[in-house]
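Trainee: no sequence for this one, just the structure:
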């Protein structure tokens, strides 16, 4: 019971499971970042996918690819289950207007995509606003387009199957992308709790929107281990609490590697620094001195400076945006060109997605203000090239047919390689006797 409570606590805090490794005869613990999030919440995610007719995958507009499910998992879900997926680009008020249009054009080559800003106020009721000043408020903006899309899909399902005019909509995504806030915005009231702390939502939450649509909120899941960079990607996505990580410096190295030096220099008012690990430490030393983070003897506290930068990054004190990849692949079959974007028409048999999104885009873009991109930190888009192995494990779990109690043990099966190795090392370890003091 105690171990179970500790596991639940670690999952909430974003602390990863530990695996054993031996270096120079000393057995240490290596952290698999995001692992515990999957172990705790993957079963709930599977239930959401199985129960839903439409899946809303919520993305952070500042880093859409970094907060998007691995392509292998995404394709596997849609091929194994008879579902429809809609991408929801949230937090568009935090990026330049031009960047919103670029990401819509890129994302719509794979799935219908709706851009919006979820309501962030603390009032019991979540209002919706329009116009130029709407994005500067705490009210929701652009939710009508998503609601219209869902209602049309419910209507189309009712036409084909009169016995089923109701649909269930599952909301999935990484931690802290705004899943619960979008549900509240659609409901126009605080139906579920929200928090900037990753891992706040720990269970499924079902909310009836109207007589035709039921929404299911799900816990955020970190889909990749991100072991090669000590969880840097998950930390920068605010999927793991930075205070729970022993060494935050790899996250800063990842950050500096993806951002232009000029934008970082302007943000922290520091001079140029060399590239590579040496430059990372030099940058942190300059930030530590500028912020008064100095240890005894005048030594800059680089670790504290790294946590300071990460907190600024995750709390929005550093405005940033990412640019879509340059490669322009073919849109493929089932897609229609709409202006600068190519919108996948997967719902074409049911209703015309294009018309709904065109009307929504026009109203939304008119309300966005033109801002100077020099006021933002520009970063390169994240890639999923190194997470294929972890993605395959997650996909195997989600698509594997489970019976009875087998589902309870499948979480552990995902980590059986690392766990078995750790157990073997424990069996071979020597017993030491400690003298009583």
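Mentor: That came in fine, so what should we check first? Remember, predicted model here, so these are calculated numbers, not experimental data. Residues are numbered from 1 along each chain as shown.

Trainee: relative to residue 50, how far out is residue 257?
Mentor: As judged by C-beta to C-beta, to the nearest Å, residue 257 and residue 50 stand 39 Å apart. For every residue, glycine as well, the C-beta is placed using N, CA and C.

Trainee: who has more neighbours out of the two?
Mentor: Using other C-beta atoms under 10 Å as the criterion, residue 257 and residue 50 rank with residue 257 on top: 15 against 11.

Trainee: name the element the more buried one belongs to?
Mentor: helix 249-258 (DSSP states H and E).

Trainee: list of residues touching that helix?
Mentor: 229-233, 235-236, 242, 245, 264, 277, 279-281, 283-284, 302-303, 306, 309-310, 313, 322, 379-380, 382 (C-beta atoms under 8 Å, 6 or more residues apart in numbering).

Trainee: I'd say residue 200 and residue 193 touch.
Mentor: Yes - the criterion here is C-beta atoms under 8 Å, and residue 200 meets it with residue 193 at 6.8 Å.

Trainee: anything in contact with each of these two?
Mentor: Taking C-beta under 8 Å, 6+ apart as the criterion, residue 200 and residue 193 both touch residue 180.

Trainee: between these two, who's got more neighbours?
Mentor: Between residue 200 and residue 193, residue 200 has the larger neighbour count (other C-beta under 10 Å), namely 16 against 11.

Trainee: check the secondary structure at that one for me.
Mentor: coil (DSSP: H, G, I helix; E, B strand; the rest coil).

Trainee: again, but for residue 239
Mentor: Once three-state DSSP is applied, residue 239 turns out coil.

Trainee: that one touches residue 174, doesn't it?
Mentor: Yes - taking C-beta under 8 Å as the definition, residue 239 is a contact partner of residue 174 at 5.3 Å.

Trainee: who touches both of these two?
Mentor: Common neighbours of residue 239 and residue 174 (C-beta under 8 Å, 6+ apart) are 220, 222.

Trainee: state the pLDDT value of residue 286.
Mentor: Reported pLDDT at residue 286 in the predicted model: 95.

Trainee: can you tell me how far the nearest residue to it once chain neighbours are set aside is from residue 232?
Mentor: Spatial nearest neighbour of residue 286, chain neighbours left out: residue 270 (4.4 Å); criterion: C-beta to C-beta, 6 or more residues apart in numbering. Plainly put, residue 270 is 21 Å away from residue 232 if you go by C-beta to C-beta.

Trainee: quick one, which of those two is more surrounded?
Mentor: Taking other C-beta under 10 Å, residue 270 and residue 232 do not tie; residue 232 has more neighbours (24 against 17).

Trainee: moving C-terminal of the helix or strand where residue 206 lies, what's the next helix or strand?
Mentor: Using DSSP H and E, residue 206 maps to strand 205-208. Toward the C-terminus, strand 205-208 is succeeded by strand 213-217 as the next helix or strand (DSSP H and E).

Trainee: direction included, what does that next one pair against?
Mentor: Taking DSSP bridges as the criterion, strand 213-217 sits next to strand 167-172 (parallel), strand 205-208 (antiparallel) in its sheet.

Trainee: between the two ends of stretch 245-262, how far is it?
Mentor: 28 Å (C-alpha to C-alpha, to the nearest Å).
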